[in-house]
Structure formats: structure tokens, C-alpha cells
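Pasted the sequence and its predicted model underneath.
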Amino acid sequence: MNRFSWFNATSLTLGFAFLYLPMVILVIYSFNASQLVTVWGGFSTRWYGELLRDEAFLDAAWVTVRVAVLSSTLATVLGTLAALTLVRMGRFRGRTLFSGMIYAPLVMPEVITGLSLLLLFIGIGLDRGIFTVVLAHTTFSMCYVSVVVSSRLATFDRALEEAALDLGCTPAQAFRLVTLPIIAPAVISGWLLAFTLSLDDLVIASFTTGPSATTLPIKIFSAVRLGVSPQINALSTILIGMVAIGVIAASLATKRRAVLAERDTRAAERAEG
Amino acid sequence: MSTATAERTRPAVFAPWDDPDATPLIEFRGVTKRFGDFTAIDDLTLDIYAKEFFALLGPSGCGKTTMMRMLAGFETPTEGSIHLSGQDIGRVPPNRRAVNMMFQNYALFPHLSVWENIAFGLKREGREKGEIDERVTEMLRLTRLEKFARRKPHQISGGQRQRVALARSLAKAPKLLLLDEPLGALDKKLREETQFELMDIQEKTGTTFVIVTHDQEEAMTVASRVAVMDEGRIVQVATPPVIYEQPASLYVADFIGDVTIIEGTARRAEGGYTVEWAEGQPPLRVRSGLDLAEGARCHVAIRPEKVEIHRNRVEDDNVLKGTVIDIGYLGNLSTYHVRLADGRVVKAQNFNTERDTRQPFTWEDEVWINWTAGCGVLLER
């Protein structure tokens, strides 16, 4: 089963190279002292320094973070409610339509989502800016949240909620004290997913934003059209680092919890025997 | 005279259902529950008295769980009413009833410790912290869980989880405790121990227990009365011995314990009937107060332990000749399947009172089986 084979090793190496080589190159060149992106001029962190002094980039970063936090929070609330309805309400008139409509934005081309939202905002005379971007991001990312949360809810034991009601909770208390803490990991990963989606969205943001609110992806994209600068490499490296730390921390936490749970269960079994 | 005195000195038997002055704690009055076209409970009327340990027994899909869920408030009756100490609770939501439930798979809150699980209901009542502490400690002591108060549900064993569930549902001192297959997840040995523990706790707390189970041994062991259910109806409500020895119908006789059923035609005789059941076989004699028409179709139900098995012919009310075709050896007793001349199989049980590894009868042995007229039960349907 675990025998070493040259074929496997080669395909693995090639696969990883295909996935990560471009990023590795990007990271290496972010430490390039030279002004030219493609010529190595020695190690330096000067572009990171310049990045921190660049008002436009800092502005864009701040806009992006605000949009991401607001839209992912809104999307988490709405997506969780939608998931609850889908899983809990059973059969109601229009359930199929509702679930279909919730999942449609997952497969909808972003250009179309962006365009339709743009037309809507123009139609109702809404000034485009941070607010419209937040609305747009909430719209498409709440589908992802509802997918994640509803798959968790599908395996949630309803008896737990009934037990809470039985012990004197109102339905709202039962949700707050029992359901929410138990599905919290799914809700949090839904939030993280929405946050990342909002963070790197270019297409929908370009359609729905106005001159007052430039997000980081839009800023990077427009900067690159004038020529790739080492500064962009530095910025991208920071983003990669942030995402990597987040993912590693999350997986370590999950693994640690699994190990602890396993140990506890073993201990309980021994205690019984 | 002497027996009458003995009767009088005995402690009063707990039997409020025989007392015409007793008021029931729970009254089902013509309760029907439908789910769409399916009728789960069909026009059911039933009284349950305070301090009873009442068992709802039946195969899956017989409506016993629906009845329990209506008592808990998770379902509302389609027709009829349910009263709890005189108050109509048909539409009262579960959180406003003095009823608590122990769920089938315990439904312990996984994110809370054992202590917090037990305190959960008390906290919802907004009681003082000291009072909660005291009550939780009391519950932990009652269920012998003091050592595990800080553990989470996944850090304790199945038997301990069962006790946490019991402690949690008893903490609010409900008027009525519902137990949904409470021992279903435990292995046989632990289950038997826990049955006695449950009875003990029921007696100590004086709470009325209603238990739902499909395990007839469990129902017989713990319950003061058993209601046997079938397809949304109650077939018989009685104490375990009555259910076993005087089943009201073939269904009950067959569902509870082991039984051989012989169909035949009834002829009136002194003290009961004789039942003609096969060509060339002597009719069976059954003592019965049942009022059957001459020549009516009827059934004789006979429990295996009431059938004796012999090597030679004996004198008795019902004596039949047959061949041993199967032997079920259980250690304390052996069940012999005896095939009669017409191919019908009757089960006979022998207690293995002697310490002998050789069985008194073996396959293909010619034997005589017999039982007295009082041992068979005559049933119309």
C-alpha cells in the first residue's frame, strides 16, 4: 500500500510544482532588491517598507477588510437562517424553488451577478461605494455559508433541541443555548469562507463599487495593468502568509481537538472496564 | 379464617387503578393523532395514576412513541384531550409542562459538562445559585455520578451517560417523567442492573414514570402496569402477571413471552370448554369463564413452562404424544419442541434442577406432554 514508486513520486512532485511554483517565485521576488520584477538584484525587504508608506494601498486594504468583515458577518446570519429553514421547515410550498434559488449563485457566472447588481443599484438610485459592495458580497457569499451550515444541521440531532425545550427553554433560548454552540464550528467556517471570498473578489466588486471605495484586488489589478511592481509581490506575499497561517492554525486546532476527544473516550472506556 | 387475618396484616398493595375513588394523574380521553392519512393513535382512552411506573409496550410503529411525545408536548392531539392533574395540557408547549423526558439516545448537551447538563433545567427556572448547587449535588449523589461532574458527555461511559440523562430529567422534580427506551443502548447485563436501579429511584423520588419500550422483559420487570399497544390502539392494560397469565387476545399472548397456540372448535363442558382441534386427537380441556357459542372458533394458548414432558404416558386433563424435534438449552431451562402426530409443534419447558450435562430427552425421542385444564388460556381472537 505505502510502497514507494517513482511514478507516484514524480506525479506528486509535478502536481505540487504546478500548484505552488508560481507562488514560490512570487514570494522569492518580493524580497528582490531590484526595481525590475524579473531580474534578481539581491535580498532586501525594501518593498515591504514602501508598501507600508503607500497611502493608496493602505486605504484599499482598509476598505477590503471592512467590506469583508461586514459582508461575511451579514452573510453568516442570513446564510444560517436560510440553512435552518431549508433543513428544519420540512416540506413547504416552494421549498424546491427556495433551495434552488439559494444555491443558484454558486454556479451563476460572477460577471452576470455583478452586472445584474449594478443594474439594480442604478435602477433604485443607490450611490455606489462600500455599502453596495458589502451588499453584493453578502448576496453571493451567503450561499456558501448556507451550504456549509445546512450540511452540519442535517446531522444535528433534533432531540437535543427537544431536550432543551423539555427542560424549560423557549425555542429562541434552545437555539441560543444548545443549537448555536453545537453548530458553531460550521458557522465559523462559513464565516471564514465568506470572509476569504469577499477578500479576493475582483469581478463583482468592480461592477458594484464606486470611485470612493477601491478594494485591494481592484487596486492590485489596476496597478498590474501599468506593470508589475515588486510592491505588488510584497503585498501578495503578505496575503499568502495570512491565509497560510489561518489554514494551518485551523487544521492544528481541529486535529488537537480530535486527539483529545479520542483520548477522553479511551479513558472513559477503560474506567468502565 | 387464618388466611383472612394474613390478608389484613399484609401491607396495602399499590393498586390505585382498582380504587374507584382514586383520581388519575393523567387522563387520555378519546385521543386521536393523525399524520396526514396515517393514524398513529386511534381514539385512545387511558388513565395513569400518580406514583405509577407505567409501561407502554409494543412493536415499532404501534404509536407508543407518539403517545409519549404528546405527553411531553412535542405533538398535539388531533382529537380528544389529555389532562395532567385535571388541567388540559393538549396545547401547552413542552417548556411549560411539569413533565420531563429522558430521551432515547439521552440527548445530552455535548458542549456542557455533566454538572451543567443537570443544572440546565434548573437555571431556566431562574433559581438561586445556591439552590441549584444543592439540587445538582443531590442528583449527582442519587445517580452516583459525583466523580464525573466536571466531565463532558463524551468523556464518560454509556452507562454513566444514561445516569446523567436520568439525573437531568429528574432535577426539576417533574410530576411525570417520561422514559423513551431508556435502556436500549446498554448491553444486557448493564440493562438488567439498571432496571432495578430505575425502580429504586422511582420509589425514592415518588415520581410517576411512563416508560416506552419494545422489550417485554423490561416492561414486565419495572412496571406497575403495562399497556400493550398495536396499531395505535391499546390492546390490554394490566399488571404484568395479568398480562402474562390472562392475556386479553391472541396478539397479547403472542407478543408477551413464549406461547403455543392451537386453533379449534369450542364445546361447552363443566367449568369451561373442550376444544376439538384435530382428527383422531383427544379434545383439549380448558377452564374458562369466557362466553362462547357452541361450536365457535377459538384458540387455546399455552405457555411452554406449563407443559410437562414425560417418557411415559401420564394421567392429566390434556395428554398428547409426540416426537422431540428441537432442543433449546439455556442452562437454567431447556425448551423442547415436540411435534404431534398431525405435524403441529408444541413447546414444553423443563427446569434443569439437577446438575447433569446429559439431557433427559434427545432428538427423535418419543415423548408424552401434558398440562392441566387450568393452564391453557381460551381466547376468542
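Everything's here; your move. Computed from a predicted model, the values in this text were never measured in an experiment. Numbers count the residues shown, from 1 in each chain, chains lettered A, B, ... in the order given.

Which residues of the stretch 51-200 of chain A lie near chain B?
Residues of the stretch 51-200 of chain A found near chain B (Cβ under 8 Å from any Cβ of the partner chain) are A:157, A:159-160, A:162-170, A:173, A:177-178, A:181-182. Where C-beta positions appear, they are placed from N, C-alpha and C, glycine not excepted.

residue ranges for the helices of the stretch 51-200 of chain B, please.
B:64-72, B:114-124, B:129-142, B:158-170, B:188-205 (DSSP state H, counting those that start in this stretch).

Would the helix or strand following the longest one count as contacting chain A?
In other words, helix B:188-205. As assigned by DSSP states H and E, the chain's next helix or strand after helix B:188-205 is strand B:208-213. No: interface with chain A: strand B:208-213 contributes nothing (Cβ under 8 Å from any Cβ), its closest point being 13.8 Å away.

What residues sit buried inside strand B:208-213?
B:208, B:209, B:210, B:211, B:212, B:213 (16 or more other Cβ atoms under 10 Å in any protein chain shown).

Export those residues as a markdown table, with columns for pLDDT.
What follows is the buried residues of strand B:208-213, written out as a markdown table (pLDDT from 0 to 100):
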| residue | pLDDT |
| --- | --- |
| B:208 | 95 |
| B:209 | 96 |
| B:210 | 96 |
| B:211 | 96 |
| B:212 | 95 |
| B:213 | 92 |
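
Of those residues, just say which sits nearest to residue B:302.
Residue B:302 has its nearest neighbour among those in residue B:213, at 25.8 Å by Cβ to Cβ.

ok, the residue nearest in space to the middle of chain B - contacts?
Residue closest to the mean C-alpha point of chain B, counted by Cα atoms, centre = their mean, is residue B:219 at 2.9 Å. With contacts defined as Cβ atoms under 8 Å, 6 or more residues apart in numbering or on different chains, residue B:219 is in contact with B:55, B:57, B:211, B:213, B:226, B:240.

so where does it fall, helix or strand?
Going by DSSP H and E, residue B:219 is in helix B:216-222.

picking that back up, and the residue nearest to the centre of chain B, how far is that from chain A?
22 Å (Cβ to the nearest Cβ, to the nearest Å).

pLDDT score assigned to the nearest residue to residue B:277 once chain neighbours are set aside?
The shortest distance from residue B:277 to any non-neighbouring residue, by Cβ to Cβ, 6 or more residues apart in numbering or on different chains, is to residue B:264 (3.4 Å). Per-residue confidence at residue B:264 stands at 92 (pLDDT).

what about residue B:264, neighbour count?
Using other Cβ atoms under 10 Å in any protein chain shown, the number of residues around residue B:264 comes to 21.

And residue B:15, by the same measure?
So residue B:15, with other Cβ under 10 Å, has 13 neighbours.

One more: residue B:274?
One way to gauge burial is a neighbour count; for residue B:274, by other Cβ under 10 Å, it gives 20.

OK, contacts around the nearest residue to it once chain neighbours are set aside?
Nearest residue to residue B:274, sequence neighbours excluded (Cβ to Cβ, 6+ apart): residue B:283, at 4.1 Å. When contacts are counted by Cβ under 8 Å, 6+ apart, residue B:283 touches B:264, B:267, B:274, B:275, B:276, B:277.

any weak-confidence spans in the chain?
All of this is about chain A. A:1-2, A:268-273 (pLDDT under 70).

not quite, I wanted chain B
B:1-12.

got the residues of it near chain A?
Counting by Cβ under 8 Å from any Cβ, chain B comes close to chain A at B:72-74, B:93-95, B:99-101, B:103-105, B:107-111, B:120-121, B:124-125, B:151-152, B:154-160, B:168-169, B:172.

Who are the packing partners of the helix or strand where residue A:112 lies?
Using DSSP H and E, residue A:112 maps to helix A:110-123. Judged by 3 or more Cβ pairs under 8 Å, 6 or more residues apart in numbering or on different chains; DSSP states H and E, helix A:110-123 is in contact with helix A:130-154, helix A:203-208.

Now it: buried residues?
For helix A:110-123, using 16+ other Cβ under 10 Å, the buried residues are A:110, A:113, A:114, A:117, A:118, A:121.

if I look at the nearest residue to residue B:65 once chain neighbours are set aside, how far off is residue B:168?
In this structure, residue B:65 finds its nearest non-sequential neighbour in residue B:212, 5.9 Å apart by Cβ to Cβ, 6+ apart. Per Cβ to Cβ, to the nearest Å, residue B:212 is found 18 Å from residue B:168.

re the thing from before, and the contacts of residue B:283, which two are furthest apart?
Using Cβ to Cβ, the two most remote members of the contacts of residue B:283 are B:267 and B:277, lying 11.1 Å apart.

Comparing the two, which residue is more hemmed in?
Of the pair residue B:267 and residue B:277, residue B:277 is the one with more neighbours under other Cβ under 10 Å, namely 19 against 14.

got a list of what that one touches?
B:262, B:263, B:264, B:265, B:283, B:284, B:300 are the contacts of residue B:277 under Cβ under 8 Å, 6+ apart.

Using TSV, please lay out the helices and strands packed on helix A:110-123 together with mean neighbour count.
Output for the helices and strands packed on helix A:110-123, formatted as TSV (neighbours: other Cβ atoms under 10 Å in any protein chain shown):
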stretch	mean neighbour count
helix A:130-154	22
helix A:203-208	22
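
so which of those comes closest to residue B:179?
Among the helices and strands packed on helix A:110-123, helix A:130-154 sits nearest to residue B:179 (Cβ to Cβ), with 27.5 Å.

Thanks a lot, catch you later.
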